[in-house]
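Trainee: This is the structure alone, sequence omitted:
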């Protein structure tokens, strides 16, 4: 149960970081402060649901496209979030392209780095308790 909660926290944290970086970099992408948590939760839930589905479709139909499945999932998740949440908007084709790329890259990096940082911190906390 603890592992599941940690995975959810990492998933939400990486989604929050990805969306925040894209919002800060792109002028035509806005996320209202009041709806930021809602946007993050919906985006992360969509990613969790769509990622395995897109990967399975890519493996079955075109294995060479497996790497692009993450980009497609990110784009579709952003599209759905902008449709269901008035607190987020993306305008312009170039902003859509860059938002998809930025969120995908930052989320991927955060999903990789957050567990390493948490493991390092936990190990340090355990070491401090023993001393």
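Mentor: Here it is on my side, so go on. Computed from a predicted structure; not experimentally measured.
Trainee: How about the contacts made by the residue nearest to residue 86 when sequence neighbours are not counted?
Mentor: With sequence-adjacent residues excluded and distances taken as C-beta to C-beta, 6 or more residues apart in numbering, residue 86 is closest to residue 35, at 7.4 Å. Just so you know, the C-beta spots here come from the backbone N, C-alpha and C atoms, and that holds for glycine as well. By C-beta atoms under 8 Å, 6 or more residues apart in numbering, residue 35 lies in contact with 85, 86, 87, 88.
Trainee: do the same with residue 96
Mentor: Residue 96 sits next to 75, 78, 90 when contact means C-beta under 8 Å, 6+ apart.
Trainee: Distance of the last one relative to residue 14?
Mentor: Noted for residue 90: a distance of 19 Å to residue 14, by C-beta to C-beta, to the nearest Å.
Trainee: ok, which stretches of this protein are helices?
Mentor: Here the chain has its helices, by DSSP state H, at 2-25, 36-61, 69-84, 93-130.
Trainee: Let's have these in a markdown table, adding mean pLDDT.
Mentor: Shown next, in a markdown table, are those (pLDDT from 0 to 100):
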| stretch | mean pLDDT |
| --- | --- |
| helix 2-25 | 90 |
| helix 36-61 | 86 |
| helix 69-84 | 93 |
| helix 93-130 | 81 |
